[in-house]
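> Just the structure for this:
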Amino acid sequence: MDQSAVDLGLLLLRLVLGVTLALHGAAKYRGGISGVGQWFESEGLRPGILHAHLAASSEMIFGCGMAAGLLTPLSCMGYMGVMVVAGWVGHRKNGFFIIREGWEYVFVLAAAGSSLALFGPGSWSFDNALGVTWNGIGWFVLTVLGGVGSAIALLLGFYRPNADEESPT
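Numbering: from 1, shown residues only. Presented below is the predicted three-dimensional model:
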């Protein structure tokens, strides 16, 4: 196997996923974080402004970490958690397909991001430069369980949907 090709593929995957998430977080601030907070509140995440800041900063931190290949499984775990919350709160009720604002897109992002915990960030990463070799089945399982678990904890603690919404339990 051509290791340079593998490293290039992992770099491209990290950059596309990480930069996309980081820019999504930055857009929350640029577009007006108070409006995002009001929208979160209307979706059932209370207090909305707190969750707007948490989402925006998490997206920027985890996105940059993933793009850089820094503490990759932890960045992937945070990425997974953000996507699970987004899928549950903002997209679940619309079905699978993104064309109807469904959860397809966040699912693909979460699955692709978690795969980096399985394969590792590649040689062209901060993890490699620092000698961090956290990857494989165990790190993948930890990433998925930690991401989904943190999302469930957040939803149980702070998700208060309107009467016509169902709870996460």
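
> mind checking how far residue 153 is from residue 159?
Residue 153 is 11 Å from residue 159, where distance means C-beta to C-beta, to the nearest Å. In this view, the C-beta of every residue, glycine as well, is placed from N, C-alpha and C.

> Same drill for the two, tell me which one is more crowded.
Set residue 153 next to residue 159 and count neighbours by other C-beta atoms under 10 Å: residue 159 wins out with 21 against 11.

> okay, that one: pLDDT?
The pLDDT attached to residue 159 in the predicted structure is 97.

> quick one, what contacts the nearest residue in space to it that is not next to it in sequence?
In space, not counting the residues next to it along the chain, residue 159 is nearest to residue 44; the distance is 5.3 Å by C-beta to C-beta, 6 or more residues apart in numbering. Residues in contact with residue 44 (C-beta atoms under 8 Å, 6 or more residues apart in numbering) are 89, 159, 160, 161, 162, 165.

> hang on, isn't residue 118 packed against residue 136?
Yes - contact status for residue 118 versus residue 136: in contact at 6.9 Å, counting by C-beta atoms under 8 Å.

> Counting neighbours, go ahead and name the busier of these two.
Here residue 118 and residue 136 are compared on neighbour count by other C-beta under 10 Å; more neighbours surround residue 118, at 17 against 14.

> Now the helix or strand harbouring that one: buried residues?
Counting by DSSP states H and E, the element that carries residue 118 is helix 104-119. The neighbour-count criterion (16 or more other C-beta atoms under 10 Å) identifies 104, 105, 106, 107, 109, 110, 113, 114, 116, 117, 118, 119 as the buried residues of helix 104-119.

> quick check, nearest of those to residue 40?
For the buried residues of helix 104-119, the residue nearest residue 40 by C-beta to C-beta is residue 106; the value is 15.4 Å.

> what about the closest one, distance to residue 130?
With the distance defined as C-beta to C-beta, residue 106 ends up 30 Å from residue 130.

> And for residue 57?
Computed as C-beta to C-beta, the residue 57 to residue 130 distance reads 23 Å.

> now stretch 115-123, how far from the chain's geometric center?
Taking the mean of its C-alpha atoms, stretch 115-123 sits 16 Å from the chain's own mean (C-alpha atoms, centre = their mean, to the nearest Å).
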